[in-house]
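1. Pasting the sequence and the predicted model now:
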Amino acid sequence: MHSALAAEDIYNSVYDSLLSMAGRLVLARSTYRVDFARHIVASNMWNYCSINGSENFKTILVSEVRPEACGTHFSAKGNHYIGSLFNPSYIYDKTRVKSVFVLGKPCNASEHFGDLWDNQIATLSEIIEQDKQELDGKKIQIKEWTTHAGADETGFPNYIVVVTEPMYTTVGATRSADQNSTPFKKKALGERAIATKASTSKGLNVTCRDDIEHALFDDIDVDDLGAAQGMSVSEEAKAVLDEGNNANRITTKDVYHPSILPDYGGDLFKHMSAKLRQFDFRDVDDYLIHPEEWYLELRQETLVMVRVTLQVFNWDNRRVYQLNMHTIRVLRRSESEVEERKMMFLNPDSFNRKAASEAATLVSKVQLRKRHAPE
């Protein structure tokens with residue numbers, strides 16, 4: 001019972017914080033063609049920009065990480081298609097490898113938080129439905145930024161799909177429309193009658209409003225955020241933020257040898273000089289998460305706040321809506337098991353040689369000693 005109450009505390013705390021922020025900063029409270037609009041970069045690519053400027057529309061969504069069975073591909077090979085046994089697709093220095101996170105509504109979310117999560121889906125659906133109206137009956141295949149848990153895709157989507165930036169960089173590099181569907185209507189998000197004070201409980205990291213706002217300062221201009229919320233940010237506050245950033249031992253400019261990931265290896269990777277990038281993944285204390293801890297800190301059922309931009313790839317008969325992840329912040333750690341990830345071998349002979357080598361190593365460690373006959 002205590003755990004359930006503590007869980008409700010964090011959801012209500014997150015809800016209160018997001019509700020207090022300017023609508024354009026929060027996906028659930030943003031409105032297409034009011035807060036942001038489509039910007040045609042090229043004939044086959046669209047971005048979405050703030051309604052009063054040309055900069056990319058950056059917004060926040062809050063969800064819970066789902067496991068690989070739901071479509072998450074968070075690993076050394078990411079969402080890379082490996083091909084077949086007779087026609088393998090290897091990963092080279094210039095191969096763009098991205099990880100994919102599938103995010104869902106927490107099972108024990110409070111009613112208010114549940115409404116907020118549903119409104120995230122509604123905002124994303126609203127964009128696609130308005131875009132469809134411009135097709136004038138033309139039939140094309142559409143891949144949405146949401147997905148369903150099962151084969152039935154007629155109901156309310158269960159998941160939101162976000163894609164990371166390319167995982168690897170080379171040394172020296174700069175760092176369907178014919179279906180009739182009903183738009184999902186947004187729910188009214190009003191202040192709760194009683195604002196739940198943030199609390200902590202064993203196994204839970206409850207984040208208060210100030211913590212959440214602090215987490216956003218790394219990715220939003222401090223003065224811009226203050227103006228959006230109708231408040232001023234002092235020089236002292238900026239100094240505190242700068243001091244916190246400098247205290248972090250790693251930065252997003254850092255790169256690592258890819259073997260730092262436990263599932264990197266096998267004959268899939270043909271890297272020569274590629275390095276693994278340090279993503280802007282942050283823990284509950286707002287410190288960057290080292291790649292060695294990625295799988296632990298971002299395991300299934302982790303409650304996260306994600307900062308994304310919206311993008312569309314548009315071809316004659318196909319359109320792909322994509323949410324690009326730029327920052328992810330852990331709001332509550334998960335106690336679920338870390339999913340196992342293994343090295344990938346495309347050539348069975350390579351796997352057999354590795355297995356034989358491991359077996360030989362184990363045998364070499366066995367020490368045989370003479371047994372003394374009993375007197």
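-> Done, it's in.
2. For Y81, the count of nearby residues, please.
-> 7 (other CB atoms under 10 Å). Backbone N, C-alpha and C define where each C-beta goes, glycine included.
3. The residue lying closest to it once chain neighbours are set aside and K98, how far apart?
-> Nearest non-adjacent residue to Y81, counting by CB to CB, 6 or more residues apart in numbering: S89, 5.7 Å away. Using CB to CB, to the nearest Å, one obtains 15 Å as the distance from S89 to K98.
4. quick one: which of the two has more around it?
-> Ranked by neighbour count (other CB under 10 Å), S89 and K98 place K98 first, with 17 against 13.
5. which SSE is the more buried one in?
-> Counting by DSSP states H and E, no helix or strand carries K98.
6. OK, contacts around it?
-> Contacts here follow CB atoms under 8 Å, 6 or more residues apart in numbering; on that basis K98 touches G78, N79, V163, T164, E165, P166, M167.
7. run the last query once more with 10 Å
-> 73, 78-80, 163-168, 322, 324-325 (CB atoms under 10 Å, 6 or more residues apart in numbering).
8. Show me the shaky parts of the protein.
-> Applying pLDDT under 70 to the chain flags residues 1-6, 171-185, 191-248, 348-375.
9. mind listing the strands for it?
-> Counting by DSSP state E, the chain has strands at residues 36-42, 45-50, 58-65, 100-104, 141-143, 146-147, 159-163, 168-170, 255-256, 274-277, 281-282, 303-314, 318-332.
10. what sits up against the first one?
-> Contacts made with strand 36-42 from outside it, assessed by CB under 10 Å, 6+ apart, are listed as 24, 30, 32, 45-59, 123, 127, 130-131, 134, 310-314.
11. Check the offset of it from the chain's centre.
-> Centre-to-centre, strand 36-42 and its host chain are 23 Å apart (CA atoms, centre = their mean, to the nearest Å).
12. tell me the two of the contacts of K98 that are most distant?
-> The span of these, defined through CB to CB, is set by Y168 and Q322 at 19.1 Å.
13. More neighbours: those two, which one.
-> More neighbours surround Y168 than the other of Y168 and Q322, with 25 against 18 (other CB under 10 Å).
14. That one is in contact with K275, isn't it?
-> Yes - Y168 lies in contact with K275 (CB atoms under 10 Å); the separation is 6.6 Å.
15. Now for the two: what residues contact both?
-> With CB under 10 Å, 6+ apart, Y168 and K275 have common neighbours D93, V255, P258.
16. Turn those residues into CSV, including distance to Y15 and neighbour count.
-> What follows is the shared contacts of Y168 and K275, written out as CSV (distance: CB to CB, whole Å; neighbours: other CB atoms under 10 Å):
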residue, distance to Y15, neighbour count
D93, 44, 16
V255, 37, 17
P258, 39, 20
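17. want to throw the strands of the chain into a markdown table with distance to K186?
-> Formatted as a markdown table, the strands of the chain follow (distance: least, CB to CB, whole Å):
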| stretch | distance to K186 |
| --- | --- |
| strand 36-42 | 15 |
| strand 45-50 | 18 |
| strand 58-65 | 14 |
| strand 100-104 | 18 |
| strand 141-143 | 21 |
| strand 146-147 | 15 |
| strand 159-163 | 15 |
| strand 168-170 | 39 |
| strand 255-256 | 41 |
| strand 274-277 | 36 |
| strand 281-282 | 29 |
| strand 303-314 | 17 |
| strand 318-332 | 18 |
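18. quick one, which of these is nearest to E339?
-> Across the strands of the chain, closest to E339 is strand 58-65 (CB to CB), at 10.4 Å.
19. relative to strand 159-163, how tilted is that closest one?
-> Counting by axes from the mean of the first three to the mean of the last three CA atoms, to 10 degrees, strand 58-65 lies at 120 degrees to strand 159-163.
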